[in-house]
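[1] Give me the fold of what follows.
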Amino acid sequence: MSPTDLLQPATSSNSIRVVDPEFQSPLTHGWAITYQRQIWGRTMLEIGYVGRRAQHLFGAYNVDQADYTTNGFLDAFVAAKSGGESALLDRLLARPERAGRPLRKVAVSARLVGGGSWRRTATLREASADRSRLRAALGTKLAEIPAPVVELRLEAVELADRVGDQLALVEPRGLGGHGSDELDQRLREGLRQVRASTGTGSICAVVEMAPWSRIPETRALVVPRDD
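    Residues are numbered from 1 along each chain as shown. Below is the predicted model:
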């Protein structure tokens with residue numbers, strides 16, 4: 001069926017809408033069956049089944065919908081999802097507003113086929129403008145898209161002043177190290193900064209209660225630690 005085969009209803013509207021000339025009214029059938037039987041005393045057994053069937057339900061489609069399978073969009077999407085070259089990422093990094101600053105947080109959003117939208121954000125551990133790192137971070141998000149898309153957007157949510165380095169709070173074993181007093185001081189300072197940014201109750205400790213228990217939930221408790 002093509003749009004020229006459809007009829008224009010005799011109504012006034014700001015948009016053009018057409019109706020299938022073979023339109024049929026929707027039908028819904030429902031049925032239920034229940035069996036009850038007293039077994040003994042005040043005990044009763046009840047078994048039921050409920051069914052429903054619908055026919056000729058309403059439906060619609062967009063005659064101007066872009067054919068993403070032949071216009072090159074699908075190929076570009078698959079390339080970006082697998083970590084290949086992405087023209088969308090190149091356009092974002094070329095924006096003059098970025099002024100050479102690295103990206104700290106990016107968002108990818110999509111308009112889905114048939115309506116609906118989807119959006120995910122990715123926060124980089126270290127701010128970066130490296131294309132390979134950005135493609136790796138966004139590739140995992142693109143794999144979560146639930147349906148085919150007709151439009152894909154990339155947004156720079158947060159920019160950093162410079163490329164940051166994630167410093168180790170505690171040095172790995174075997175690489176030298178600091179004294180226990182200095183290590184304890186660094187840990188306490190790290191906890192203080194976390195508590196200052198997230199509020200009280202954000203730092204918790206695991207307290208062992210009943211390690212012999214066969215129930216995992218009773219072996220230990222997580223309690224707030226504000227000292």
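
[2] Buried residues of stretch 87-100, list them for me.
    Buried residues in stretch 87-100, counted by 16 or more other Cβ atoms under 10 Å: 89, 92-93. Backbone N, C-alpha and C define where each C-beta goes, glycine included.

[3] Touching, residue 127 and residue 100? I think so.
    No: assessed by Cβ atoms under 8 Å, residue 127 is found out of contact with residue 100, at 11.9 Å.

[4] Run through the neighbouring helices and strands of the helix or strand residue 155 falls within.
    Using DSSP states H and E, residue 155 maps to strand 149-159. Counting contacts by 3 or more Cβ pairs under 8 Å, 6 or more residues apart in numbering; DSSP states H and E, strand 149-159 packs against helix 73-81, helix 87-93, strand 103-112, strand 117-128.

[5] got the angle between the last one and strand 103-112?
    Right, strand 117-128. On the basis of axes from the mean of the first three to the mean of the last three Cα atoms, to 10 degrees, strand 117-128 is oriented at 160 degrees to strand 103-112.

[6] what's the angle between strand 117-128 and strand 149-159?
    Going by the same axes, to 10 degrees, strand 117-128 is angled at 40 degrees with respect to strand 149-159.

[7] What is strand 117-128 packed up against?
    The contact analysis (3+ Cβ pairs under 8 Å, 6+ apart) places strand 117-128 against strand 103-112, helix 131-142, strand 149-159.

[8] of all those, which lies closest to residue 189?
    Nearest to residue 189, of all these, is strand 103-112, at 22.8 Å by Cβ to Cβ.

[9] Quick one: mean pLDDT for the closest one?
    In this model, strand 103-112 has an average pLDDT of 86.

[10] In three-state terms, label residue 181 for me.
    Under the three-state scheme (DSSP: H, G, I helix; E, B strand; the rest coil), residue 181 adopts helix.

[11] okay, the helices and strands packed on strand 149-159, which one's buried deepest?
    Mean neighbour count (mean count of other Cβ atoms under 10 Å) peaks for strand 103-112 among the helices and strands packed on strand 149-159, with a mean of 18.

[12] Partner strands of it, with direction?
    Here strand 103-112 is paired, per DSSP bridges, with strand 117-128 (antiparallel), strand 149-159 (antiparallel).

[13] neighbouring contacts of that strand?
    Outside strand 103-112, the residues within contact range by Cβ atoms under 8 Å, 6 or more residues apart in numbering are 92, 117-124, 127-129, 134, 137-138, 141-142, 145-160.

[14] rewinding a little: right, and the strands paired with strand 103-112 - which one's nearest residue 217?
    Between residue 217 and the strands paired with strand 103-112, the shortest separation by Cβ to Cβ is 31.2 Å, and it involves strand 117-128.

[15] Write down the beta-bridge partners of the residue most central in space within the chain, one by one.
    With distances taken as Cα atoms, centre = their mean, the residue of the chain nearest its centroid is residue 120 (5.0 Å). Per DSSP bridges, the residues bridged to residue 120 are residue 108.

[16] Look up phi and psi at residue 216.
    Main-chain dihedrals, residue 216, degrees, to the nearest 10: phi -60, psi -30.

[17] same check, this time on the one 5 residues further on
    Residue 221 adopts backbone torsions of phi -120, psi 150, taken as degrees, to the nearest 10.

[18] Would you format the helices and strands packed on strand 117-128 as CSV with distance to residue 55 included?
    Formatted as CSV, these follow (distance: least, Cβ to Cβ, whole Å):
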stretch, distance to residue 55
strand 103-112, 27
helix 131-142, 38
strand 149-159, 30
